[in-house]
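In: Turn this into a structure:
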Amino acid sequence: MATSIRDLKKDINYVLGDIIEAVYVWEYSNTDKDTIDSEAIIDEAIATFDELIEKVNDKSVENRKTHLKSVNQELEDKGRALIEKINKL
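Out: Residues are numbered from 1 along each chain as shown. Sure thing, here's the model as predicted:
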């Protein structure tokens, strides 16, 4: 679990950035294949990034620590799901 808001934001950035980079590597290595599915993964990663950063910045939540833990768990779950999609390309 990220120990601070700054660390959680970095984790979000690194995880989703790595996923996008992995898609670009796949596209570069598979120039003969259609990129509709891979571009959809990139779009989903960007949307996930925006959604998670918005949640981290939400100061109206009652229990901030619990909220941030749930954001961290969501990052893990959504990151894993995106990686599975890359593996199926």
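
In: backbone phi and psi for the residue of the chain most remote from its centre, please?
Out: The C-alpha centroid of the chain is most remote from residue 32, which lies 26.6 Å away (C-alpha atoms, centre = their mean). Main-chain torsions, residue 32, degrees, to the nearest 10: phi -80, psi -10.

In: quick one: it and residue 26, what's the gap?
Out: Look at residue 32 and residue 26: by C-beta to C-beta, to the nearest Å, they are 12 Å apart. Placement of C-beta: from N, CA and C, glycine included.

In: and what of residue 9?
Out: 26 Å.

In: where in this structure is pLDDT low?
Out: Within the chain, the stretches with pLDDT under 70 are 1-3.

In: And the helices in it?
Out: With DSSP state H applied, the chain shows helices at 5-29, 36-57, 64-87, listed in chain order.

In: Could I get these in a markdown table, plus columns for mean neighbour count?
Out: A markdown table is the format used below for these (neighbours: other C-beta atoms under 10 Å):
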| stretch | mean neighbour count |
| --- | --- |
| helix 5-29 | 15 |
| helix 36-57 | 15 |
| helix 64-87 | 15 |
